[in-house]
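> Take this sequence and fold it.
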Amino acid sequence: MAKPSHYDVILSPVITEKSTLVSEHNQVIFKVAPTATKPQIKAAVEALFKVKVKAVNTIVRKGKLKAFRGIRAIQSDTKKAIVTLEGGHSIDVTTGV
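Coordinates of the predicted model:
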């Protein structure tokens, strides 16, 4: 099996009010691949952004049943990673990689 690329592991940054609040505590939130592990996420962030990662916490949000104009559908599961950076390191998610 082929090893996934760093761009396959990190899908996109999460830009919400809560993610900007945790950025004050030297943390960044990313949407990641559902099969990504914590060591893969740590290696991808360190390689792509040239920073030192202290810890990685992951969250899996289960898909919800939604209705739109009478049509019911299930949203897919999503996985997010909260990456804590070492002191002195930071990531500006508003610029492209």
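> Please save the CA atoms from the helix ranked longest in the chain in CSV.
When the chain is parsed with DSSP state H, its longest helix is helix 38-49. The C-alpha trace of helix 38-49 is given here as CSV (Å, rounded to 0.1, in the frame of the first residue of the first chain):
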residue,chain,number,x,y,z
LYS,A,38,-1.8,11.2,14.9
PRO,A,39,1.8,10.4,13.9
GLN,A,40,0.9,11.0,10.2
ILE,A,41,-0.8,14.3,11.1
LYS,A,42,2.2,15.4,13.2
ALA,A,43,4.6,14.6,10.4
ALA,A,44,2.5,16.3,7.8
VAL,A,45,2.1,19.6,9.8
GLU,A,46,5.9,19.6,10.6
ALA,A,47,6.8,19.0,6.9
LEU,A,48,4.3,21.4,5.3
PHE,A,49,4.6,24.4,7.7
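> The residue nearest the centre of the chain in helix, strand or coil?
What sits nearest the mean C-alpha location of the chain, by CA atoms, centre = their mean, is Phe30, with 1.8 Å. Each residue gets one of three states, and Phe30 gets strand by DSSP: H, G, I helix; E, B strand; the rest coil.
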